[in-house]
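A.B. asks: here are the coordinates; sequence isn't available:
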């Protein structure tokens, strides 16, 4: 039995991510190698993507360059209607082709870490300074004017605290 295969390659740049309206990726340079094999009634598409992308830092929103190096497989078969389930895609037989651009974007986006932040000291200093001015302090002892008794922390400004908050604070104290 003879197996048919084809090899394709391309380099994707910032224009690709702009054209596809990529929500997470601002820019990048990715080399994509695609190997297509026909096996019985299914086409097996093996993708290897490698390069770098620019995303927003989750902490300071400045550009952050991240490496991409991933291998993914997509299975395509011909059918009557377009459908997509997991790694299997059915393409209408009368079309006979598939646009893989969105799949390539998804492969790149899914290879990125959940938390995208600069290494310590790498964030935009102006943004970090602005964040520090508005930071929420978790420990009442760190804030002047706050007193703490053994069950709850209340502000020392003479205002009465809504009793519903006291019940919620008990949950925090149990952890």
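C.D. replies: Looks like it came in fine. Here the structure is a predicted model, which means the values were calculated and not measured.
A.B. asks: Tell me where this structure has helices.
C.D. replies: Assigned by DSSP state H, the chain shows helices spanning 14-19, 101-111, 125-133, 163-174.
A.B. asks: okay, these, which one's buried deepest?
C.D. replies: Each of these was scored by mean neighbour count; the highest is helix 101-111, a mean of 17, by mean count of other Cβ atoms under 10 Å. No exception for glycine: its C-beta is placed from N, CA and C like everyone else's.
A.B. asks: Counting by contacts, list what the strand of greatest length in the chain packs against.
C.D. replies: Across the chain, the longest stretch assigned as strand under DSSP state E is strand 63-79. Packing partners of strand 63-79 (3 or more Cβ pairs under 8 Å, 6 or more residues apart in numbering; DSSP states H and E): strand 25-39, strand 42-56, strand 88-92, helix 101-111.
A.B. asks: Need the mean per-residue confidence for it.
C.D. replies: Across strand 63-79, pLDDT averages out at 94.
A.B. asks: Give the pairing partners of that strand; include direction for each.
C.D. replies: Applying DSSP bridges to the sheet, strand 63-79 is found paired with strand 42-56 (antiparallel), strand 88-92 (parallel).
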